[in-house]
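Undergrad: return a 3D structure for these sequence lines:
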Amino acid sequence: MFGALRHLCTRVLTPRTLVMRNSALVRPLHTMQDRLTVCAEPIMFIQPVAIEEAGPLPDEVFVDSVMRKRRLKMKKHKLRKRRKRQKAERRKQSQGK
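TA: Residues are numbered from 1 along each chain as shown. Next up is the predicted model:
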């Protein structure tokens with residue numbers, strides 16, 4: 001019974017839900033009794049706030065940063081490959097002398 005109740009309480013208290021409890025904001029939940037008490041308290045819903053868009057969309061910024069990271073990673077990869085190839089060529093030339 002406590003397992004199902006604990007699961008229900010943790011689902012209610014996840015950040016994905018728009019749920020706040022007064023006591024949850026005031027003190028940490030250390031014991032099982034505290035968790036059960038918080039679940040028994042009434043729920044207050046938060047009013048949604050409209051967010052105004054300013055500047056570039058977050059998706060575009062995210063894509064730009066991902067593309068930049070990929071490009072830098074590929075440059076490093078190619079540089080390592082080229083240095084490895086050149087090192088092998090130098091070794092081959094020094095052995096041929």
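Undergrad: how does the protein divide up, domain by domain?
TA: Per automatic domain parsing, the domain ranges recorded for the chain read 2-45, 57-97.
Undergrad: rank these by pLDDT, which is bottom?
TA: Lowest mean pLDDT within the domains of the chain: domain 2-45, at a mean of 58.
Undergrad: residues in contact with residue 49?
TA: If you count contacts by Cβ atoms under 8 Å, 6 or more residues apart in numbering, residue 49 has none. All C-beta atoms are positioned from the backbone trio N, CA, C, and that covers glycine.
Undergrad: that one in helix, strand or coil?
TA: Residue 49 falls in the coil class when you classify it by DSSP: H, G, I helix; E, B strand; the rest coil.
Undergrad: that one and residue 73, how far apart?
TA: According to Cβ to Cβ, to the nearest Å, residue 49 stands 38 Å off from residue 73.
Undergrad: what's the answer for residue 64, then?
TA: 15 Å.
Undergrad: before we move on, what about residue 66?
TA: 11 Å.
Undergrad: likewise residue 90?
TA: 26 Å.
Undergrad: with residue 91 instead?
TA: Residue 91 is 27 Å from residue 73, by Cβ to Cβ.
Undergrad: for residue 63, same thing?
TA: 16 Å.
Undergrad: before we move on, what about residue 87?
TA: Taken as Cβ to Cβ, the span from residue 87 to residue 73 is 21 Å.
Undergrad: what about residue 81, neighbour count?
TA: 10 (other Cβ atoms under 10 Å).
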